[in-house]
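Undergrad: sequence? don't have it. structure:
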């Protein structure tokens, strides 16, 4: 049975059944962007089991928050050094006191002001989240901050306009209207579908190269026979 906020407040610290309580996302652009961020990082880290990605999932962090029903779930958040498993929500006191290491908010007309002010202060002062990024799928606004001396400082873009994330060991940047991950050398981190297409193309290229080598060997053998030389 899923407990109500009041029941949970009375029974804390047991909160394993607490559900997420986030509103629907603003548009199909926001859904697509969120799915892209999750899919690419999960594919890149497919051999790891020590992280958790929250997608439009509530973070519960205090008794006062539960009583006030003041829920401030990020659109995307990453927690390192934890067990990769499904969760109904992220309950800080059930997770050893861990807060997100990185947060990305997808801006919209209804949330942009809160994301730039109230949420930014919450993530800075309460969560102490090392990195915070903002991106609008509609206007392409993009900014990032890292925690320096307990204050968010803007991350400076590189020549390509990408922002480096120390938490991810990757850069974040806008390509074709979407927020994507890039390696330190600027290579795009593919989606699982893009990776499969690349693998297929590489296999085809390898087959073509092998066929060309066989054709070359056949031509050479034919030339040797014309000269009366047994190529074998």
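TA: Alright, I've got the coordinates. Treat the numbers as computed from the prediction; the structure is a model and nothing was measured.

Undergrad: Tell me which residues touch the closest residue to residue 44 other than its chain neighbours, please.
TA: Counting by C-beta to C-beta, 6 or more residues apart in numbering, the nearest residue to residue 44 once its immediate chain neighbours are dropped is residue 189, at 5.4 Å. C-beta coordinates here come from the backbone N, C-alpha and C atoms, glycine included. Counting by C-beta atoms under 8 Å, 6 or more residues apart in numbering, residue 189 touches 40-41, 43-44, 170, 180-183.

Undergrad: give me that answer again for 6 Å
TA: Contacts for residue 189 (C-beta atoms under 6 Å, 6 or more residues apart in numbering) come out as 40, 44, 181.

Undergrad: Need these in CSV (columns: pLDDT and neighbour count).
TA: CSV is the format used below for these (pLDDT from 0 to 100; neighbours: other C-beta atoms under 10 Å):
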residue, pLDDT, neighbour count
40, 97, 21
44, 96, 18
181, 98, 22
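
Undergrad: Which of the residues you listed fall within strands?
TA: Assignment to strands by DSSP state E places the following of the contacts of residue 189 there: residue 181.

Undergrad: What is the neighbour count of residue 140?
TA: Neighbour count for residue 140, taken as other C-beta atoms under 10 Å: 11.

Undergrad: per-residue confidence for it?
TA: pLDDT, residue 140: 95.

Undergrad: Check residue 19 too.
TA: 66.

Undergrad: Check which residues of stretch 151-170 are buried.
TA: 152, 155, 157, 162-165, 167-168, 170 (16 or more other C-beta atoms under 10 Å).

Undergrad: Scan the helices and strands of the chain for the one with the lowest mean pLDDT.
TA: The weakest-scoring helix or strand in the chain, judged by mean pLDDT, DSSP states H and E, is helix 5-11 (a mean of 48).

Undergrad: Just checking, which helix or strand succeeds the host helix or strand of residue 29 along the chain?
TA: Following DSSP states H and E, the helix or strand that holds residue 29 is helix 28-44. Sequence order places strand 51-55 as the next helix or strand after helix 28-44, per DSSP H and E.

Undergrad: who does that next one touch, helix- and strand-wise?
TA: helix 28-44, strand 76-80 (3 or more C-beta pairs under 6 Å, 6 or more residues apart in numbering; DSSP states H and E).

Undergrad: Give me the residues contacting that strand.
TA: Contacts of strand 51-55 (C-beta under 6 Å, 6+ apart): 34, 38, 76-80, 82, 84, 90.

Undergrad: Pick out whichever of these sits closest to residue 59.
TA: The shortest approach to residue 59 among the contacts of strand 51-55 belongs to residue 90, at 4.6 Å (C-beta to C-beta).

Undergrad: what's the closest non-adjacent residue to that closest one?
TA: Residue 90's closest residue in space is residue 59 (C-beta to C-beta, 6+ apart), at 4.6 Å.

Undergrad: mind listing the strands for this protein?
TA: For the chain, applying DSSP E gives strands covering 51-55, 59-60, 76-80, 90-91, 102-106, 131-135, 142-148, 151-154, 163-165, 170-175, 178-182.

Undergrad: Identify the neighbouring strands of the fifth one in the sheet and state each direction.
TA: Strand 102-106 has the following strand partners under DSSP bridges: strand 76-80 (antiparallel), strand 131-135 (parallel).
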